[in-house]
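Q: Predicted model, plus sequence, below.
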Amino acid sequence: MLDRFTNFLTLSIATLLAISLFCAVALAEDEDDNGPEHSLGSDDSDWWTTYPDKNVDSGSAVTHPDWVLEALEDRPLLILIHQNNCLPCMTQVPRLNDAMQTHNDDILFYSILAEGDGILKALEVLDIYSPTGKKQYVPTTIFLTLIENEDGEVEVGWHSEIDIMSTDDINSYAEDSIYYHQQNAADWEQ
């Protein structure tokens, strides 16, 4: 009788350990799925704190406008520079609008029309956030957040793309910007 009980107890403990291990692995995978897809760096798909490798000012500091810094106190930003008569813009605008329906409470969205009264604002933003630092194009989509740099300090992180972005890429950068902002906003000092 004691042998049966010992076997039952051993089997029960082994089962509980297996279930615990399975749950730990599942939770670890879930955490990875909820983390950012893009990290800080200087390559094309990275988040940047200085101008990226492909920019004519690669490695130089970025001077962010006051309105961007003020907005980042609250939430990450998504900025679209576009025109009404631009065919790629006609694809990008609805994709960003769809993303904003999902992330509206978590991201501030600025749609800047590079026409008429908006041209000066558009040029100001493109001068700062063009990924290449060369000729300016529409649409240009810019994501801004707060990110921890290599020294452990929190600063403005940004990523921009010229032309049409896939819906998956838009959502990926939007989700990253929310994640990084939530992780770092409390430690950011302007």
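A: Yep, it's here.

Q: Give me the nearest residue to T102, chain neighbours excluded.
A: Once flanking residues are discounted, T102 sits nearest to N171: 7.2 Å by C-beta to C-beta, 6 or more residues apart in numbering. For the C-beta atoms, the positions are set from N, CA and C on the backbone; glycine is no exception.

Q: For the helix or strand hosting that neighbour, list the C-alpha coordinates in CSV.
A: Following DSSP states H and E, one finds N171 within helix 167-184. Provided in CSV are the C-alpha atoms of helix 167-184 (Å, rounded to 0.1, in the frame of the first residue of the first chain):
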residue,chain,number,x,y,z
THR,A,167,-0.3,47.6,-42.5
ASP,A,168,1.9,45.1,-40.5
ASP,A,169,4.8,47.6,-40.4
ILE,A,170,2.6,50.4,-39.3
ASN,A,171,1.1,48.4,-36.5
SER,A,172,4.5,47.0,-35.5
TYR,A,173,6.1,50.5,-35.1
ALA,A,174,2.9,51.8,-33.4
GLU,A,175,2.9,48.9,-30.9
ASP,A,176,6.7,49.4,-30.3
SER,A,177,6.2,53.1,-29.7
ILE,A,178,3.5,52.4,-27.2
TYR,A,179,5.6,49.8,-25.5
TYR,A,180,8.7,51.9,-25.2
HIS,A,181,6.8,55.0,-24.0
GLN,A,182,5.1,53.0,-21.3
GLN,A,183,8.4,51.5,-20.2
ASN,A,184,10.3,54.8,-20.2
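
Q: how far out from the middle of the chain is that helix?
A: 3 Å (C-alpha atoms, centre = their mean, to the nearest Å).

Q: So for that helix, what gets flagged as buried?
A: Buried residues in helix 167-184, counted by 16 or more other C-beta atoms under 10 Å: 169-181, 183-184.

Q: Run through who's touching it.
A: With contact meaning C-beta atoms under 8 Å, 6 or more residues apart in numbering, helix 167-184 is reached by 34-38, 47, 72, 75-78, 95-96, 98-99, 102-103, 106-107, 141, 143-148, 154, 157, 159, 161.

Q: State the distance from W48 to S39.
A: 11 Å (C-beta to C-beta, to the nearest Å).

Q: actually E73, not the one I wrote
A: 24 Å.

Q: Also Q190?
A: Distance from Q190 to S39, by C-beta to C-beta: 23 Å.
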